[in-house]
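Colleague: this one's sequence-less:
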């Protein structure tokens, strides 16, 4: 059970940590442009990631969503639903091709390749991975998360161990960076709203792939905490090196070049992988919104949208971040409001659904475990619980049965308190 929520957490981090966070460009423009005050903004941002990471993944699980519309149509007024729906569709596409631009800048800065090479590789990989099944996709999304955590720890350690800095001088240098926001507090809200609106579509799908609400809660919470750690470690590292990285497209890459060429090589490839993770998640969610459960239609839409995004990515990564991200952030504030209200209103219902699924799993274990007795009363109780579920009765019953058979009833102890 623990393995599943860790897998969800790693996949969620892979969705959110794209070109901006792992490269440092977003952090520098939004937060370090305010100097030491920006560090406090980063800490507040980390807290928001922890809170909303749990909320988003859990809501996706609760409604068993296959796309963001499965959730929005149940939690908002039709007019608000349509507005957020259109905003999510647009943001998925825009941030998707911004990721392509980040891929081009990354390989260009590290290896001196033409900008279009990295962009093309990322676009091709996005199409190729779309032909895999969703469980394998989840594994792909999470595979590079532990690597970037270790690397950022190494960079942070290299920056601070045995060294001292004139923070007043660094503060003055940081203040020369142009910020897209009027103040640091607006930067926190706007940037988190941007993260939410660009990640929520795929995060809902990720949450919807999980049957047990407890697993979704833990996965979202852990994923948000990891993202918060990555942001905080990257921010203080960038601030300490602000004099040498403030003009770079991929500032973190400038720092790792000073550690060792081989390390810079691996870091560049890891950033590229994280950029791809986010790009794929966005284009997949974009296509999923229109295709629903039609796999053939999904692949066609994804291929066409990726090709268009590839063409638009040539506007340049740094420029796209400065212009497009604040706009999407303002739109995302409406989404955050809706998610917050939904969590408050549905919290009791989510807990009830969590208990329903737990009881149904217990009963299904009794049915499929040859050493346990499954009575007529158990069968009636299973059916009655299915009728109480927020999910369609037959759908939840079939999913519970499949879940227990796939894992094996002997691997699901009836007394396990975390089972959901």
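Modeller: Received it, and whenever you're ready, just let me know what you need. Every value quoted in this text rests on a predicted model; they were computed, and no experiment measured them. Numbering: from 1, shown residues only.
Colleague: And the average pLDDT for stretch 409-418 is what?
Modeller: Average pLDDT, stretch 409-418: 67.
Colleague: For residue 65, give me its contacts.
Modeller: Taking CB atoms under 8 Å, 6 or more residues apart in numbering, we find residue 65 in contact with 71, 204-205, 207-208. The C-beta positions use only the backbone N, C-alpha and C, and glycine is treated the same way.
Colleague: 6 Å instead?
Modeller: Applying CB atoms under 6 Å, 6 or more residues apart in numbering to residue 65 gives the contacts 71, 204, 208.
Colleague: Can you classify it by secondary structure?
Modeller: What DSSP: H, G, I helix; E, B strand; the rest coil gives for residue 65 is coil.
Colleague: What count of nearby residues applies to the residue nearest to it when sequence neighbours are not counted?
Modeller: Using CB to CB, 6 or more residues apart in numbering and skipping residues adjacent in sequence, the residue nearest residue 65 is residue 208, 3.9 Å away. Counted by other CB atoms under 10 Å, the residues lying close to residue 208 total 23.
Colleague: start the count at 826, not 1, going forward
Modeller: Taking 826 as the first residue, the last one we looked at is residue 1033.
Colleague: Residue 1033 and residue 892, how far apart?
Modeller: Between residue 1033 and residue 892 the computed distance is 8 Å (CB to CB, to the nearest Å).
Colleague: Give me the below-cutoff pLDDT ranges for the chain.
Modeller: For the chain, the stretches with pLDDT under 70 are 826-827, 843-848, 958-967, 1141-1146, 1240-1245.
Colleague: top helix in it by residue count?
Modeller: helix 1142-1193 (DSSP state H).
Colleague: hang on, the earlier thing: would you quantify the distance from the residue nearest to residue 890 to residue 1237?
Modeller: Distance from residue 1033 to residue 1237, counting by CB to CB: 21 Å.
Colleague: Residue 1182 now?
Modeller: Here the criterion is CB to CB. By it, residue 1182 lies 12 Å from residue 1237.
Colleague: ok, now residue 832?
Modeller: For residue 832 relative to residue 1237 (CB to CB), the value is 17 Å.
Colleague: sorry, back to before: give me the distance from the longest helix of the chain to the chain's centre.
Modeller: Mean-position distance between helix 1142-1193 and its chain equals 12 Å (CA atoms, centre = their mean, to the nearest Å).
Colleague: same thing with stretch 914-928?
Modeller: Put simply, stretch 914-928 sits 14 Å off its chain's centre (CA atoms, centre = their mean).
Colleague: Identify all contacting residues around that stretch.
Modeller: Counting by CB under 6 Å, 6+ apart, 843-844, 943-944, 947-948, 1022-1023, 1026, 1097, 1100, 1103-1104, 1107-1108, 1110-1111, 1114, 1134-1135, 1137-1138, 1142, 1145, 1149, 1153 sit against stretch 914-928.
Colleague: Just the buried subset of those residues, please.
Modeller: 843-844, 943-944, 947-948, 1022-1023, 1026, 1097, 1100, 1103-1104, 1107-1108, 1110-1111, 1114, 1134-1135, 1138, 1142, 1145, 1149, 1153 (16 or more other CB atoms under 10 Å).
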